[in-house]
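Asks: Sharing a sequence plus its predicted fold:
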Amino acid sequence: ELADFLLLTGSVGKLTKGMALLFNFLSGMSVLLGAVIVLTVEVKPEYLGMILAFGGGVYVHVAASEAMPVVYQSRISVRSRLICMLLFILGAILIALVLIDHAHCSLSADADPHAGHDHGR
């Protein structure tokens, strides 16, 4: 949230602090609203997968359209580009480490992929 606020008030967003806080608050509330809807409405697993895929796609879009072009600007040194790429790779590795022992990441075809999870039901 701090990074969002800095972007909204910086040279990119150029908003006042009050407007940036308001938009940041509304953005946070939209996440809570989505969570309440998913937890209170009976969402079929295939729809939940589509919702999660859409959310992941939003992150990929932001990375591809906003973050990566900055890395490839000519005014950025090769060293800075390498640091950005290494940090990206580090982030991907950290996410993978979190998922290593997750029940849904099991390779066993016999295992129930939802064992140990009630998925809010």
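Replies: Noted; the coordinates are in hand.
Asks: Can you show me the CA trace of the helix or strand containing residue 87 as CSV?
Replies: Element membership of residue 87 [criterion: DSSP states H and E] is helix 78-99. C-alpha atoms of helix 78-99 as CSV (Å, rounded to 0.1, in the frame of the first residue of the first chain):
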residue,chain,number,x,y,z
VAL,A,78,23.2,-2.3,-17.5
ARG,A,79,24.0,-2.9,-13.9
SER,A,80,20.5,-1.6,-12.8
ARG,A,81,18.8,-3.8,-15.4
LEU,A,82,20.7,-6.8,-14.1
ILE,A,83,19.7,-6.0,-10.5
CYS,A,84,16.0,-5.6,-11.6
MET,A,85,16.1,-9.0,-13.4
LEU,A,86,17.8,-10.7,-10.5
LEU,A,87,15.2,-9.3,-8.1
PHE,A,88,12.4,-10.6,-10.4
ILE,A,89,14.0,-14.0,-10.4
LEU,A,90,14.4,-14.0,-6.7
GLY,A,91,10.7,-13.1,-6.2
ALA,A,92,9.7,-16.0,-8.5
ILE,A,93,11.9,-18.4,-6.5
LEU,A,94,10.4,-17.2,-3.2
ILE,A,95,6.9,-17.8,-4.5
ALA,A,96,7.9,-21.2,-5.8
LEU,A,97,9.4,-22.1,-2.4
VAL,A,98,6.1,-21.2,-0.7
LEU,A,99,4.3,-23.6,-3.0
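Asks: Below-threshold pLDDT in this protein: ranges please.
Replies: Counting by pLDDT under 70, the chain has low-confidence residues at 102-121.
Asks: change it to 80
Replies: Applying pLDDT under 80 to the chain flags residues 1, 3, 12, 45-46, 48-49, 63-64, 66-74, 99-121.
Asks: following the helix ranked longest in it, which helix or strand comes up?
Replies: Determined from DSSP state H, the single longest helix within the chain is helix 17-40. Scanning forward in sequence from helix 17-40 by DSSP H and E, the next helix or strand is helix 45-62.
Asks: other SSEs contacting that next one?
Replies: Applying 3 or more CB pairs under 8 Å, 6 or more residues apart in numbering; DSSP states H and E, one finds that helix 45-62 makes contact with no other helix or strand. Where you see a C-beta, it was placed from the backbone N, CA and C, and this is true even at glycine.
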